[in-house]
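> Output the structure for:
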Amino acid sequence: MLNTVKNESGGNPQIGARLRAIREERGLSQRELARRAGVTNATISLIEKNKSSPSVSSLKKVLDGIPMSLAEFFALEIPPEDQIFFRAGELPEITDGGVSFRQVGGDRHRHRLQILHERYPPGTDTGDTMLSHESEEGGIVLSGRIEITVGDQQRILGPGDAYYFDSRTPHRFRNIGAETCEIISACTPPYL
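Purely as a prediction, here's the structure:
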């Protein structure tokens, strides 16, 4: 059961990642788990780095420090590791219609920051109703021109220009130019 998937160094990557995720979820350091389990800190580190594949009895001893049974250990769903790098084609489209918002980082519910690649074809906007939400947002115009209204202020921004505001203030974006406008923006907490 424990040695079904081994990497080149002999460790089981499923066990190492699973142990690390459970340990972190329980708020335990490697040192604290080692102390509770009666093993060395190096033992925990080697297992988590997949440099050691523990025997069933060794893994049971480590899990007793959590405490957790072997059955619970293998039954728990472990979330996938966060992706760090994204190719252009991996940014999901999160809007329908003329304006395109492609999001960096996948599921917005798992993050505190939302980064978007925004595209506004000529004549498109964020809608007739002004937006307002519990966030802060900012961005930099990469190409084209965009009219941004925030409260009673309105500006037309071009390449290299930037904005930053409290998103609770009603706001609207509108491409009034003849070419597509591209913006890289960030919003915290995520809105869309």
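
> Strands of the protein, start to end?
If you assign secondary structure with DSSP state E, the strands in the chain sit at 100-104, 114-120, 136-143, 146-150, 153-157, 162-166, 171-174, 181-188.

> and those strands, which is most packed in?
Ranked by mean neighbour count, those are led by strand 114-120 with a mean of 21 (mean count of other Cβ atoms under 10 Å). For glycine as for every other residue, the C-beta is placed from the backbone atoms N, C-alpha and C.

> Check what pLDDT the closest residue to Phe86 other than its chain neighbours gets.
Computed as Cβ to Cβ, 6 or more residues apart in numbering, the closest residue to Phe86 that is not its neighbour in sequence is Val104, at 6.0 Å. Note on Val104: pLDDT of 90.

> ok so, going back, let's have the strands of the chain in CSV, adding distance to Gly16.
Conversion of the strands of the chain to CSV gives the following (distance: least, Cβ to Cβ, whole Å):
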stretch, distance to Gly16
strand 100-104, 28
strand 114-120, 30
strand 136-143, 38
strand 146-150, 47
strand 153-157, 48
strand 162-166, 42
strand 171-174, 46
strand 181-188, 32
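
> Longest helix of this structure, counting residues only.
Using DSSP state H, we find that the single longest helix of the chain is helix 13-25.

> what's the offset of it from the middle of its chain?
Between the mean C-alpha point of helix 13-25 and the mean C-alpha point of its chain there is a distance of 19 Å (Cα atoms, centre = their mean, to the nearest Å).

> Over to stretch 135-153?
Once both centres are worked out by Cα atoms, centre = their mean, stretch 135-153 turns out to sit 24 Å from its chain's centre.

> ok, now which ones touch the spatially most distant residue from the centre of the chain?
Distance from the C-alpha centroid of the chain, by Cα atoms, centre = their mean, peaks at Ser57 (36.0 Å). With contacts defined as Cβ atoms under 8 Å, 6 or more residues apart in numbering, Ser57 has no neighbours.

> Next, count neighbours for Asp128.
6 (other Cβ atoms under 10 Å).

> And the one 3 residues further on, by the same measure?
One way to gauge burial is a neighbour count; for Leu131, by other Cβ under 10 Å, it gives 16.

> Which strand residues bridge it?
Per DSSP bridges, residues listed as beta-bridge partners of Leu131: His171.

> Quick check, it in contact with Arg168.
No. Taking contact to mean Cβ atoms under 8 Å, the distance of 10.1 Å between Leu131 and Arg168 leaves them out of contact.

> Please parse the protein into its domains.
Structurally, the chain divides into domains by automatic domain parsing as follows: 13-75, 88-188.

> closest to Asp82 out of those domains?
Distances from Asp82 to each of the domains of the chain were compared by Cβ to Cβ, and the smallest falls on domain 88-188, at 7.7 Å.

> List the contacts of the nearest residue to Ser185 once chain neighbours are set aside.
In space, not counting the residues next to it along the chain, Ser185 is nearest to Gly139; the distance is 3.3 Å by Cβ to Cβ, 6+ apart. Shown in contact with Gly139 (Cβ under 8 Å, 6+ apart): 116, 118, 162-163, 183-186.
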